[in-house]
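**Student:** sequence and computational prediction follow.
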Amino acid sequence: MKVNFRKYRFWFISIPVLITLLMLLPVRNAKINPDLMEYFPDEIEAKLNIEKIEETFGKNDPVIIIFEAGDILNNNTLERIQKINSAFLKTQKFTDVISLFESKYIRGEEGMMLVDPVIIKIPENEREREDVRSEIRNNPLVYKLLVSEDFKYTLMLVNPMENLSDNEIFEIINKVLSDHKGTERILLSGLPFLRYEIQQKAIRDLLILLPSGLIIMILFLYLSFREMRGVLLPFSVVLMSMISSMGIMPLLHYDLSIIAVLIPIMMIAIANNYGVHIVARYQELNALYPDWDMNRIVSEVMSLLKMPLILTALTTIIGLLGLAAQIMVPAKQMGLVSSAGIGLALLLSLYFIPSVMTGLKKGRIRKTFKGHKESVIDHFLMWAGKMATEKPYAVITGFLLVLIFLGTGISRLHVSINLEKMMPASHPLRISTNIANTNFGGTKYISVLFEGDILDPDLMHTMDNFETNLKKLPEVGNVSSLATVIKTISRALHDPGDKYYDVIPENRDAIAQYIEFYNMSGDPDDFEKIVDFNYTKAILNVQFKANDIKEFNKVASYIKDLISNSEYCTLMAGQSLMEKEMSESIVRGQINSLIFAVFAIALLLWIIFRSLTAGLLGTIPLLFALVCNFGLMGWTGFDLDIATSLLSSIAIGIGVDYIIHFFWRFKYDLKNGNNYKTAVINTLTTTGRGISINAFSVIIGFSVLLFSGLTILKTFGLLIIFSLLVCLLCALLLVPAICMIFKPEFLQK
Amino acid sequence: MKKIILSLIIMVLTYQLNLYSQDAREIAEKASDIIEFESMEMTSMLKIFDNKGNVRERKVVVATKKFGEATKTMIRFISPPDVKGTAMLIFDYEDKPDDMWIFLPSLRRTRRIVSSEKGKSFMGSEFTNADMSKPDLNDFTFKIVGSAEADNNECWKVESVCKDKTIEEENGFSKKIAFIGKNNYLTHKVEYYDPEGELHKIMTIGNYRKQSNGKYFAFLMKIENLHNQRKSSMIVEQFQLGSKLSEDNFSTISLEK
């Protein structure tokens, strides 16, 4: 059916422009939500467990401030820490501050039990300093928890009030820290800091990368087509689909996740594909048939390209919709919104571009089409044609070798469980995580909830046994609970050698009285984080290190075993379990999306070309690209994470386009009576040019990600570029070679 | 002539100033005297509330008697069962730091408590140990800072400021403002300020009952911590003026009985 573009030109142009302008309104309300926990659907067990613990013990989401000095017990450092401590308390914006000046030291002295902050008075001379040092060494609630073994590092934890935004928190923290400058190095850590930094970097990325991407795309289009319409037509489609897709997000009440930064970049990369093919074909026909008018050219171009464009858009959308099957909210959003954006880009390319073109005068004729193949691309395409037609077996062998070589990397592929790796290695968060892992027993926490009569000696012994057993694992840095405190009190109440020294009492009244006794000297809220007011619920905290999911699972399943053997433990929860959940769902989601995408694309090809062979032949290059991608990740150590798990679906959705264009043109050429060899060379040198420009424009669109401030987006950019190059090479070399050898029927129909 | 008038003016002014601060201290002294009991026995219920409304209860029997220079107090827990039998003994001296001991029945052991811990919590409540004993007026400077109504009584607002940091630490506050009734010198309300000068706790005292010796005893004390929203209350269930107990009853040995 031929659409009369000239007749309906007005509508095809004005409606899209109007919608785009309207979409600018919701774009202003777009918000970035860096809270990784919100990326999970609410029903996840790990999330529910954390909420159960927070119900009783309040939100525990501290910012960790690390102080580094030659010896943190020196006067100046302690004074600075003390002043910063008071300053934080004074703001009244934190529920509590934990530091050497707040945490307690429980000990017995001259028949008395004393409970005081670890540092009551800043030591004034060497002797006093060494006294404090040995006190700290004897204090299991502080040594290696708040002060490192070598006394080079000490921590301060500040837990912000619930209603504060991350921006407000860091405004306050930065002000307090800058009001109290000193020689010690200060590093920040903690989940709020990660969120804050992600948000800052995501905003920066959007502000810098988007315009840069647009400018680069404009340059590229101009260099490729050397005329304004070649730039403006695809560019306007990109702009309109980008604005509309960004506008859909706030309309659907989606907060932008860090992944959402990819959506406009994807629009820049992909949405111009369709326009590029149209302009390329226009230039071709304009040169071949100088006597045709614009209307005729436009008509011909569209009738030839309509089907392949629709099909390629469909395959890309299928690849993206596969993401909607993932449970992580950002992946779902990305899938739905970018599919809509691509769909819109397609419609605009099919109706808006031709309508505009009919209003233009014919452009200059591009000389190169007349047979002077000068550019690098043209040389390569000629070479590819030669190789595929004259040495197809060599080509296939070459690809197989690459496949084997890269494919073995898959065994080395890791799934990331360290969220801080989103930041580059030089970022303070990475450095502080390393410090915490080396000096403080780790950055992963799991809390075990005990329910029942907490003062029951049997329960208390269970907690104590947990502690003893867990400490045997080398990955575990610290374990603490009320049992730790009871034993510390027993050491303060009895003398060494006494049978009650450093043990949990055997009867309940004794435990109750220990606590009552403590209450005379400590503060009423000293234990509110580890036991509830009426002693019915208590938490045991495990702090450990894990570099990958294997190490993590070792500790987590050990804890799980301990829990299942005890009637008192009801659940385990922690931030780190959410991270593990994220990793596992990334892997599951990856597999699901890919299976969906590969099958759907194969099916689509089968339907389009009415041949099973087409379906299979079309998926070979995709599978090849997938294996190469994962293999490369294994070899280079790039982890599979929330961003990189998305790229394979996207890559094959785009990559298959090159093959579809190839098949389409090849069939056309064969139909015109050419033999296989000629058809291959013709296809490569004509549509091949369009395919290459297409591929490069997508690659260049994604290349801005290489400048992102977030490591995961940089890696995404690198890997997707690699995948697309592989798909391109497959379409230009592997597929023609296979066609030469097997001469599949569907191409001849 | 001029000199005489000048010195007269200075004398009058200093006298007025003296009178002014004397007034504040005098009021504070009277307020302290009117509730001072050299000996008494009582049963009280201490209720400790957290910021969510959960409550912990402790029932205690208290006996106080003055022996020479020292006022000795014995506190025994009678409920709940897991702390029953726990006891505290306090020797309150006029001119030297107090002595305090606690007896834990499950251990059959007595331990001393550091006396400088007056600023610490009383049995895990928001009351401090200092609240439970008579303060040394020489530790503070006094000033009248206004008038206000508290519990339907016209009151002076008498501010007591700790004279130094040690006293601040011992008492757990930097200054307090007591609302002392103008007609009867009974303290109806006290505002406590933390070392940063922020209002930290508010204590309300009520249900004063006149005893046979002309002095008053408060049967109700409530305290609220504004920083963490925790509250505590002390309600006297039985009260008896005087104590028939001997000094032996106020010793560490009788603690363990």
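**Tutor:** Yep, that arrived. Numbers count the residues shown, from 1 in each chain, chains lettered A, B, ... in the order given.
**Student:** interface residues of chain B facing chain A?
**Tutor:** With Cβ under 8 Å from any Cβ of the partner chain as the criterion, chain B comes near chain A at residues B:48, B:50, B:52, B:54, B:56, B:77, B:81-83, B:86, B:88, B:102, B:104-107, B:109, B:111-114, B:117, B:120-126, B:129, B:196, B:198, B:228, B:230. Bear in mind the C-beta positions are built from the backbone N, C-alpha and C, glycine included.
**Student:** in strands, which of those residues appear?
**Tutor:** Using DSSP state E, the subset of these located in strands is B:Ile48, B:Arg56, B:Phe77, B:Met88, B:Ile102, B:Leu104, B:Arg109, B:Arg111, B:Arg112, B:Ile113, B:Arg230.
**Student:** including distance to A:Glu390, could the residues you listed go into TSV?
**Tutor:** What follows is these, written out as TSV (distance: Cβ to Cβ, whole Å):
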residue	distance to A:Glu390
B:Ile48	92
B:Arg56	91
B:Phe77	100
B:Met88	102
B:Ile102	98
B:Leu104	96
B:Arg109	98
B:Arg111	97
B:Arg112	100
B:Ile113	98
B:Arg230	87
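**Student:** smallest gap between the stretch 601-749 of chain A and chain B, at which residue?
**Tutor:** Closest contact between the stretch 601-749 of chain A and chain B, by Cβ to the nearest Cβ, is at A:Ile642 (36.7 Å).
**Student:** now do the same for that residue: helix, strand or coil?
**Tutor:** With DSSP: H, G, I helix; E, B strand; the rest coil as the basis, A:Ile642 sits in coil.
**Student:** go ahead and build a ChimeraX selection from the buried members of the ones in strands among the residues of chain B next to chain A.
**Tutor:** Buried residues within those, by 16 or more other Cβ atoms under 10 Å in any protein chain shown, are selected in ChimeraX with:
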select /B:48,56,77,88,102,104,109,111,112,113,230
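**Student:** middle-most residue in chain B, spatially?
**Tutor:** When Cα atoms, centre = their mean is applied to chain B, the residue found nearest the centroid is B:Asp131 (3.2 Å).
**Student:** was I right about that residue contacting B:Met203?
**Tutor:** Yes. Counting by Cβ atoms under 8 Å, B:Asp131 touches B:Met203, with 7.2 Å between them.
**Student:** what are the contacting residues of the helix or strand A:Ile106 falls within?
**Tutor:** According to DSSP states H and E, A:Ile106 maps onto strand A:104-109. Residues from elsewhere that reach strand A:104-109, judged by Cβ atoms under 8 Å, 6 or more residues apart in numbering or on different chains: A:113-118, A:135, A:138-139, A:141-142, A:485, A:488-489, A:491-495, A:518, A:522, A:526.
**Student:** alpha carbons of that strand, as CSV, please.
**Tutor:** Provided in CSV are the C-alpha atoms of strand A:104-109 (Å, rounded to 0.1, in the frame of the first residue of the first chain):
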residue,chain,number,x,y,z
LYS,A,104,31.1,2.0,76.2
TYR,A,105,33.9,0.3,78.0
ILE,A,106,32.7,-2.1,80.6
ARG,A,107,35.2,-3.3,83.2
GLY,A,108,35.7,-4.2,86.8
GLU,A,109,38.0,-2.3,89.0
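**Student:** neighbouring strands for that strand, and are they parallel or not?
**Tutor:** Strand pairing for strand A:104-109, determined by DSSP bridges: strand A:112-117 (antiparallel).
**Student:** any idea how far the helix or strand just after the partner strand is from the chain center?
**Tutor:** Per DSSP H and E, the first helix or strand lying C-terminal to strand A:112-117 is helix A:126-137. Offset of helix A:126-137 from its chain centre (Cα atoms, centre = their mean, to the nearest Å): 45 Å.
**Student:** now for helix A:126-137, which elements pack on it?
**Tutor:** The helices and strands touching helix A:126-137, judged by 3 or more Cβ pairs under 8 Å, 6 or more residues apart in numbering or on different chains; DSSP states H and E, number zero.
**Student:** my guess is A:Ile435 meets A:Ile65, correct?
**Tutor:** No. The pair A:Ile435 / A:Ile65 is not scored as a contact, 11.8 Å apart, by Cβ under 8 Å.
**Student:** in the stretch 151-257 of chain B, where is pLDDT below threshold?
**Tutor:** Residues of the stretch 151-257 of chain B that meet the criterion pLDDT under 70 lie in B:257.
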